[in-house]
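K.L.:
Curious how this folds, go ahead:
(one chain, ligands or ions: 1)
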Amino acid sequence: MNIILFGPPGCGKGTQAAFISDFLSIPHLSTGDMLRSAVSSKSEIGLKAKEIMEKGGLVSDKIVLSIVKERISNNDSKKGFILDGFPRTINQAEGLDALINENQKIDFVLRIKVDEEDIIKRLIARGRADDKPAIIKNRFKSYNSETQPLIPFYEEREILFNINGMQEIEKVFEDIKKVIGE
Ligand code: B4P
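P.N.:
Below you'll find the model as predicted:
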């Protein structure tokens with residue numbers, strides 16, 4: 001089963017991806033984690049991504065697609081994967097279509113819906129380096145302008161499902177299980 005977790009910054013994509021990964025025994029592929037690890041290892045990609053991430057912008061499609069391509073070709077992704085935080089632009093979504101072969105398809109795009117005001121509080125409480133008010137504002141800006149257009153893109157394919165993210169973590173996961181039918 002191939003799943004995309006979709007939603008604004010801090011909606012709980014990473015949190016739910018970890019649950020689904022344990023539940024279905026398929027890998028959790030987070031572009032945010034991959035980029036943060038590239039930044040801390042000071043690799044060429046990391047050096048390019050650092051400044052953009054610190055401002056709350058989106059790292060270039062070219063870089064993101066190259067790291068996903070490498071990761072998705074691993075053997076452990078053959079029987080399924082959970083994409084967390086990717087795709088974030090139409091260009092990335094088209095790139096993903098080109099990456100997966102004819103035998104693979106995206107089964108579910110789970111859109112976690114939340115209220116922006118509450119999420120800002122949630123992120124400030126977490127306190128990651130990019131969880132500062134001005135940066136969060138930019139992350140929302142990037143989401144609204146570049147990522148939201150993916151909603152009609154996947155709605156048209158009839159694989160987009162809305163999940164209420166304004167509930168306890170366990171309850172959100174219960175609702176996800178109802179959709180993925182396990
Ligand atoms: P990500 O790492 O994807 O971060 P995120 O969207 O903020 O987090 P997520 O939704 O996973 O929230 P989480 O579960 O952690 O991206 C970071 C940056 O990387 C981006 O800004 C961008 O620069 C770059 N990037 C990543 N992917 C990219 C791409 N494809 N293209 C370009 N750039 C890319 O939850 C947040 C907090 O809420 C946690 O503390 C959690 O415990 C809490 N929480 C979760 N669910 C909750 C609930 N139901 N109730 C209460 N609290 C909850």
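K.L.:
how about the residues of the protein near the ligand?
P.N.:
9-15, 31-32, 35, 52-53, 56-59, 64, 85-86, 88, 92, 122, 126, 130, 139, 165, 169, 172 (Cβ under 6 Å from any ligand atom). C-betas here are computed from N, CA, C, even on glycine.
K.L.:
Mark which of those residues are buried, thanks.
P.N.:
9-13, 15, 31-32, 35, 53, 56-59, 64, 85-86, 88, 92, 122, 130, 139, 165, 172 (16 or more other Cβ atoms under 10 Å).
K.L.:
Now, these that are in helices?
P.N.:
Lys13, Thr15, Thr31, Gly32, Leu35, Met53, Val64, Gln92, Arg122, Arg139, Val172 (DSSP state H).
K.L.:
List just the nearest of those to the ligand.
P.N.:
Nearest to the ligand out of those is Gly32 (Cβ to the nearest ligand atom; 1.8 Å).
K.L.:
Let me see the contact set for the closest residue to that closest one other than its chain neighbours.
P.N.:
Closest residue to Gly32 apart from its sequence neighbours, by Cβ to Cβ, 6 or more residues apart in numbering: Gly85 at 4.8 Å. Going by Cβ atoms under 8 Å, 6 or more residues apart in numbering, Gly85 touches Leu5, Lys13, Gly14, Ser30, Thr31, Gly32.
K.L.:
contacts for the host helix or strand of the first one?
P.N.:
When secondary structure is defined using DSSP states H and E, the element that contains Leu5 is strand 2-6. Outside strand 2-6, the residues within contact range by Cβ under 8 Å, 6+ apart are 13, 16-17, 20, 80-87, 100, 104-112, 147, 150, 154, 160, 180.
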